[in-house]
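In: Okay, sequence plus prediction incoming.
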Amino acid sequence: MTRCLLLQISTPQQLLLELDDVVSFRGEDASGCFGLLAGHEDFLTVLQPTVLRWRRASGEQGFCAVQGGVLSLSRQVLRVACRDGIVDTRLEKLEAGVHRAQQTQVESGRQARVEHVRLHTQAVRQLVRYLRPAQGIEPPFDPLGEQHERPA
């Protein structure tokens, strides 16, 4: 029987993948691409943004796109810890998943910037109202920026 690696890919929130029949693995670190086989010496490296590839004993291939992470091989247990990853068995589907994730990230960033500008504008308006009250009447301070009617 062929010796195999146990592969675990995880994020802080979840275990993305656990396979006990991996016969070969490829990744990329700052020095370039590397490959690992069962029986390899213990190994530790920091991954670059890359697509991890592996082959199972059955011949099936698998892929995981990561933005970086830490890879360790110890006692034939191969662990990858990353912030986020997308796993698939077909590169075409993986590519589509990566594009969807990038679009979601861009949209989230856009929404965060809009919210930041909205809150900043609201804070400036509140400061202006406080520093220049109409008709000499000082409005009550409200940290939530609620509108209060002025006494007539």
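Out: Happy to help now that I have it.

In: what's the longest strand in this structure?
Out: For the chain, the strand reaching the highest residue count under DSSP state E is reported as strand 15-29.

In: so what strands line up beside the helix or strand just after it?
Out: With elements assigned by DSSP states H and E, the helix or strand that comes after strand 15-29 is strand 32-37. Strand 32-37 has these partner strands in its sheet, going by DSSP bridges: strand 15-29 (antiparallel).

In: so how far is the strand it pairs with off the chain centroid?
Out: Put simply, strand 15-29 sits 19 Å off its chain's centre (Cα atoms, centre = their mean, to the nearest Å).

In: Check which helices and strands the helix or strand containing Tyr130 is in contact with.
Out: Here Tyr130 sits within helix 91-131, counting by DSSP H and E. Packing partners of helix 91-131 (3 or more Cβ pairs under 8 Å, 6 or more residues apart in numbering; DSSP states H and E): strand 61-66, strand 85-88. C-betas here are computed from N, CA, C, even on glycine.

In: Now tell me which helix or strand of this protein has the poorest mean pLDDT.
Out: helix 91-131 (a mean of 85; mean pLDDT, DSSP states H and E).

In: That helix vs strand 61-66, what angle?
Out: When axes from the mean of the first three to the mean of the last three Cα atoms, to 10 degrees is applied, the directions of helix 91-131 and strand 61-66 differ by 20 degrees.
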